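Sequence isn't available, so here's the structure alone:
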Ligand SMILES: C=CC1=C(C)c2cc3[nH]c(cc4nc(cc5[nH]c(cc1n2)c(C)c5CCC(=O)O)C(CCC(=O)O)=C4C)c(C)c3C=C
Ligand SMILES: [Fe+2]
Ligand SMILES: [Fe+2]
């Protein structure tokens, strides 16, 4: 029997250093997130980052925590429950990190008789630190505990016309009544090195965009290429002008160079350039989370206004909107009936 496995990133169990520490430990010890050799990763993560970050992160989580729990988890659960009403297949939700494990979600599907699974990583774009690590983890669990289960993965849907439409329409709703003069597309950043590592040709990606008009298999796994495609397509759908839109990257950790331009620098640049009313959208995330609610909606607003901006609005992610659930329901139901995935990767 067919079933659907939704996977998102995960959150700590509570916004306290006691719960944030093991969550960050699992997250940052993932070799696809901090991709240093294990001995070095251990020193970096356990010897340095985890000495101070859990307290700082817990304070940030406390600012956005809901009565029902972490926004990312609550929203993902609401999305899952709505999807269940729109498909005959069993649907289960797991998280890559934390206590809501992928293994438990796979067990839930198995207990319902599912042996043919559509895996949906809840990320529009491919990065080894998001999409790829989910796929690898699911395949590891399959090998270890569910050998009879067939796994098919929904590809990154960053440029699927139905995704672009539902995202653009939700942005249009968010912009209504807000007299903006610029729209910033802020995506989660990744180290530039990860782009090179994910380039199967080893020579295509130049990290400055000059490669992106040349068709290449590299684009199937190039996070930078994919996010710029999303920006371009949403910009076209909404009829925004070239100088009304820009793309930037948030949430970097110290160390190696990450994808540029950095969102916090963009706030300053845009304010200094006279863009006084800024709308910010965060399309790397399908659900609101720490990185959107705290870093962008709270900290970002402060940074932009301090730099001379006058008005600022973060537009919510797709979350559990009926329109987004309907798009996902169509994709999974099409797979159920035809075995075909109408979500093609790019070249
Ligand atoms: C778009 C998907 C994501 C990518 C790609 C990604 C890469 C990435 N992240 C870190 C480090 C951290 N990210 C943190 C939070 C966080 N990251 C994503 C998504 C992607 N990360 C989400 C949805 C969240 C929010 C989770 C929530 O509970 O709301 C954090 C934890 C918070 C903090 O301490 O700041 C860290 C750390 C790296 C290093 C990385 C790529 C190498
Ligand atoms: Fe992250
Ligand atoms: Fe490219």
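Perfect, I can see it now. Please read these numbers as outputs of a predicted model, since none were measured by experiment. Ligands and ions are numbered 1, 2, ... in the order given.

Then residue 187 would be within a helix, right?
No: read with DSSP: H, G, I helix; E, B strand; the rest coil, residue 187 is strand and lies in no helix.

what about it, how many neighbours?
Applying other CB atoms under 10 Å, we find 27 residues neighbouring residue 187. Every residue, glycine included, has its C-beta placed from N, CA and C.

Surely it is in contact with residue 281?
No: assessed by CB atoms under 8 Å, residue 187 is found out of contact with residue 281, at 9.6 Å.

so which residue of the stretch 201-347 of the chain comes closest to ligand 3?
Nearest residue of the stretch 201-347 of the chain to ligand 3 (CB to the ion) works out as residue 211 at 3.4 Å.

Any chance of the backbone angles for that residue?
Main-chain torsions, residue 211, degrees, to the nearest 10: phi -90, psi -10.

what do you get for residue 253?
Main-chain torsions, residue 253, degrees, to the nearest 10: phi -100, psi 160.

residues contacting the nearest residue to it once chain neighbours are set aside?
What sits nearest to residue 253 in space, not counting adjacent residues and going by CB to CB, 6 or more residues apart in numbering, is residue 49, at 7.8 Å. Residue 49 makes contacts with 24, 28, 253, as judged by CB atoms under 8 Å, 6 or more residues apart in numbering.

Look up the closest residue to the second one, ignoring the ones flanking it.
Nearest residue to residue 28 in three dimensions, chain neighbours excluded: residue 45, at 4.5 Å (CB to CB, 6+ apart).

Correct me if wrong, but the one you found is in a helix.
Yes: under three-state DSSP, residue 45 sits within a helix.

just checking, it touches residue 27?
No: with contact defined as CB under 8 Å, residue 45 does not reach residue 27; the gap is 9.1 Å.

circling back: what subset of the contacts of residue 49 is also close to ligand 1?
Among the contacts of residue 49, the residues within reach of ligand 1 (CB under 6 Å from any ligand atom) are 24, 253.

from the contacts of residue 49, which single one is nearest ligand 1?
Among the contacts of residue 49, residue 253 lies closest to ligand 1 (CB to the nearest ligand atom), at 4.8 Å.

Now for that closest one, how many residues are close by?
Residues lying near residue 253 (other CB under 10 Å) number 14.

I'd assumed residue 116 was in contact with residue 3.
Yes: applying CB under 8 Å as the test, residue 3 and residue 116 come out as touching, 7.2 Å apart.

Those two: which has the busier surroundings?
residue 3 (24 against 17).

How about the residues of the stretch 201-347 of the chain by ligand 3?
The stretch 201-347 of the chain comes close to ligand 3 at residues 211-212, 225, as judged by CB under 5 Å from the ion.

Tell me the most packed of those residues, by neighbour count.
Counting neighbours by other CB under 10 Å, residue 225 leads those with 22 neighbours.
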